[in-house]
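K.L.:
Predicted model and sequence follow; I will ask about them next.
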Amino acid sequence: MPDTRISLILRLPRSADAAAWREFVDLYEPLVLRFARRRGLQEADARDLVQRVFTSVAGAVDRWQPDASRGKFRAWLFRIARNHLINQATLRRRERPVGGSTQVRRLQAEIDERVIDAGDAELEYRRAVFESAAARVKRLVQPATWSAFWETMVEGRPCESVAQELGMTVGSIYVARSRVVARLRAVAEELEANENA
């Protein structure tokens, strides 16, 4: 049985468990990176923020315990990201002269208690769940089946043109889409169930 999210997180304090850290980074790096980029950080600064967040997680994860009254792990993770973002903006404000760049002023205006609300964290989480589920399902289905799904459901292309391109019938496009959607739903539900276990 694959580890649940909570059991994965509980494995992280064991520094020798490189597989747990790889899985953790694969799952959460895109969330934190997207969070940073949406807050106006350039790519290099966003990646730096991700590294600082993961360093903080590594230093504190042994104290994290699953507790429904304190919220989910991802809420804790985003609090760490938010705090690092605030610290970074504060440091930049001190380093730059008054009237600094538009980017810094915009960051400063954004950094308040609303910098990450529950809806924003949930949206980032849903995207990460979809990306993780999609990566798993893509490995499980035939390339033509995945293309039929992706091109028609995600890219929004007409079934007829995709069917012609892939050498499939329109009916088989619908069947392929249905199968992929069912698998995506099952994998996403499993990921979420594991997160909440």
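P.N.:
Yep, that arrived.

K.L.:
Report the residue ranges of every domain in this structure.
P.N.:
Following automatic domain parsing, one gets these domains for the chain: 1-116, 117-197.

K.L.:
Check the ones you listed for me: which has the lowest mean pLDDT.
P.N.:
When the domains of the chain are compared by mean pLDDT, domain 1-116 comes last with a mean of 70.

K.L.:
Go ahead and confirm residue 180 touches residue 149.
P.N.:
Yes. Counting by CB atoms under 8 Å, residue 180 does reach residue 149; the two are 3.7 Å apart. Where C-beta positions appear, they are placed from N, C-alpha and C, glycine not excepted.

K.L.:
Have a look at those two and say which one is more surrounded.
P.N.:
The residue with more neighbours, out of residue 180 and residue 149 and counting by other CB atoms under 10 Å, is residue 149; that gives 25 against 22.

K.L.:
What's the first helix or strand after the helix or strand hosting that one?
P.N.:
Following DSSP states H and E, the helix or strand that holds residue 149 is helix 143-149. Following the chain from helix 143-149 toward its C-terminal end, the next helix or strand by DSSP H and E is helix 159-166.

K.L.:
Can you give me the buried ones in the helix or strand where residue 188 lies?
P.N.:
When secondary structure is defined using DSSP H and E, the element that contains residue 188 is helix 170-196. Of the residues in helix 170-196, those buried under the neighbour-count criterion (16 or more other CB atoms under 10 Å) are 172, 173, 176, 177, 179, 180, 183, 184, 187, 188, 191, 195.

K.L.:
Can you give me the buried ones in stretch 47-63?
P.N.:
Neighbour counts over stretch 47-63 (16+ other CB under 10 Å) mark 47, 49, 50, 52, 53, 54, 57, 61 as buried.

K.L.:
I'd like the list of those that fall within helices, please.
P.N.:
Counted as lying in helices by DSSP state H, out of the buried residues of stretch 47-63, are 47, 49, 50, 52, 53, 54, 57.

K.L.:
Just give me the closest of those residues to residue 87.
P.N.:
Proximity of these to residue 87 was ranked by CB to CB; the top entry is residue 52 with 8.6 Å.
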